[in-house]
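> Attaching a predicted model along with its sequence, questions to come.
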Amino acid sequence: MAAENQTSIFEFLLWGLSEQPEQRHILFHLFLWMYVVTVAGNLLIVLAIGTDARLHTPMYFFLASLSCADILFTSTTVPKALVNIQTQSKLISYAGCLAQLYFFLTFGDMDIFLLATMAYDRYVAICHPLHYTMVMSFRCCILLVTACWTLTNLVAMTHTFLIFQLSFCSKKIIPDFFCDLGPLMKVSCSDTRVNEFVLLLLGGAVILIPFMLILVSYIRIVSAILRVPSAQGRCKAFSTCGSHLTVVSLFFGTVIRAYLCPSSSSSSSAEEDTAAAVMYTVVTPLLNPFIYSLRNKDMKDALGRLLRGKVSFSQGQ
């Protein structure tokens, strides 16, 4: 019965953005501006790190990986939203919805795991500086990023497969501007208890375990920094962590609100969910390049050299 219902489904309606004609025009230009700035900003971060040998360190390797994930994460949802706003169509095919869900979960979870990895990198650098080059070797960095990609793909495949098992009979209106787990389960006419249990189990683990690792890392980091005798040394140590903490607060705050704080079915709650989704899918990836470049002298210098056409692929240049 489930397979029969699924084969008869061709489209969902993405109903998360405003229906007002004057607001559609503003939304289109706002989303387009944010998408272009997000892609350009994160691409500049990747290019600056890749072309400047001074930034060929584990911290910047993870930052470049985060910027790549942010570009892919935003590109999963925003271009489709722009097309729907411009064409005044809210349709997305069943296959397109599942594909969007899979890539959205993959790149979104990748952001979470990379933020935790970056916290671990800062912990080793500040709390165990003498062992830093040995612990955070190039091989270790590659293994950590590979593990992040593997875990995110496994989690995304699990959720997507379980959604594929559901039937969608009549009401196929998704109260969001992209396909996500919660809205899809709400419009299903199947029993979603297994999906809800796996979402609580895996979703809680994917969000809370990295968050706790980040929290423990920074407790240890702050403890180590406070033992530094000079005020200048403390300020320098805090400055290397400030950008990361800002991004963690923005991203995890909205993700926890969206996934671990269930909302009611009222229109105001749906609007709050959409606002939270816009924050972590669009606004946070948009702000990341500004946060990391404006608060980091090495990053600002590298971006300046890149924009002036002065790149350094090796230490000898």
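Everything's here; your move. Numbers count the residues shown, from 1 in each chain.
> And the next helix or strand past the longest helix that the chain contains?
Longest helix of the chain, by residue count under DSSP state H: helix 94-127. Going down the chain from helix 94-127, the next helix or strand is helix 132-135, by DSSP states H and E.
> Can I get that next one as PDB, trimmed to CA atoms?
In PDB, the C-alpha atoms belonging to helix 132-135 read as follows (Å, rounded to 0.1, in the frame of the first residue of the first chain):
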ATOM      1  CA  TYR A 132      49.800  20.000  18.800                       C
ATOM      2  CA  THR A 133      51.700  19.200  15.700                       C
ATOM      3  CA  MET A 134      51.900  15.500  16.500                       C
ATOM      4  CA  VAL A 135      48.200  15.200  17.500                       C
END
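> now for it, which elements pack on it?
helix 94-127 (3 or more C-beta pairs under 8 Å, 6 or more residues apart in numbering; DSSP states H and E). Just so you know, the C-beta spots here come from the backbone N, C-alpha and C atoms, and that holds for glycine as well.
> buried sites along the helix it packs on?
Buried positions in helix 94-127, judged by neighbour count with 16 or more other C-beta atoms under 10 Å: 94, 97-98, 100-126.
> Would you map the helices across the stretch 151-300 of the chain?
For the stretch 151-300 of the chain, helices defined by DSSP state H, counting those that start in this stretch occupy the ranges 181-186, 193-198, 204-226, 231-259, 267-278, 284-294, 297-307.
> Could you tell me the least trusted of those?
Mean pLDDT is lowest for helix 267-278 out of the helices of the stretch 151-300 of the chain, coming in at a mean of 71.
> ok, now how distant is L143 from V135?
The gap separating L143 from V135 is 12 Å, by C-beta to C-beta, to the nearest Å.
> same deal with Q23?
With C-beta to C-beta as the criterion, Q23 and V135 are 51 Å apart.
> which helices and strands does the longest helix of the chain pack with?
strand 11-14, helix 58-87, helix 132-135, helix 138-164, helix 181-186, helix 204-226, helix 231-259.
> Between these, which one is closest to V194.
helix 138-164 (6.6 Å; C-beta to C-beta).
> So for the closest one, what gets flagged as buried?
In helix 138-164, counting by 16+ other C-beta under 10 Å, buried: 141, 144-145, 148-149, 151-152, 155-156, 159-160, 162-163.
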